[in-house]
Structures are given as structure tokens and as C-alpha cells.
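Visitor: predicted model and sequence follow; I will ask about them next.
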Amino acid sequence: MAKAHGHKDRKLRRMVSERACLVCGTSPCDPHHHPIRRSHGGLDVPENLVPLCHPHHRMFHDGEAWVIEAVEAAAPWYFESLNV
């Protein structure tokens, strides 16, 4: 069962962290809640977690427009590759 807050699904988060960053292709990555932010009720489910390397994850949260645009452009392809 997915949880919006509290304990995180470690197996799922580990799977996401082992994938390549959506922006630069490096790994390991931080699981980033997208499209629904965790603070807005985003769940730890495959269709709401994308991999971002730590620098790009930080840039996303700092509001770097080009990183946000890159994630939004790549997310549909990423989710299709998961068959979710």
C-alpha cells in the first residue's frame, strides 16, 4: 500500500534511485515526486516518482526553470518506459 507520508516504500525508492537521471543520465539518483509533490499528497508509487541526480533534484526544488522544463518534457517518456 502506498503512503503519502511517513515510512517510504524502500524497495520502490531503491528501484527509482538506481535509474538514470531524467536530466543528465547519471546515477545514482534521488527519487523525486512528480507530477504531484509529496507536500500536496503525492504518493510513493511508480507513476509519481522520477529519478533525478542530487544536483538536478536540488535545482528543481530551487526553481531552476530549465531543469523543471527538462523533467516535465522527459516524464511522459519515463512513465511510458515503466508501462504504468
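Guide: Nice, I can see it.
Visitor: now the lowest-mean-pLDDT helix or strand in the chain: buried residues?
Guide: The weakest-scoring helix or strand in the chain, judged by mean pLDDT, DSSP states H and E, is helix 10-17 (a mean of 91). Of the residues in helix 10-17, residue 16 count as buried by neighbour count, 16 or more other C-beta atoms under 10 Å. Heads up, the C-betas are built off the backbone N, CA and C, glycines and all.
Visitor: leaving out sequence neighbours, find the closest residue to residue 22.
Guide: Using C-beta to C-beta, 6 or more residues apart in numbering and skipping residues adjacent in sequence, the residue nearest residue 22 is residue 74, 4.2 Å away.
Visitor: for the chain, what's the longest helix?
Guide: Longest helix in the chain, counting residues (DSSP state H): helix 65-82.
Visitor: about what we covered before: pretty sure the residue nearest to residue 22 is in contact with residue 24, am I right?
Guide: No. If you go by C-beta atoms under 8 Å, residue 74 and residue 24 don't touch, sitting 10.7 Å apart.
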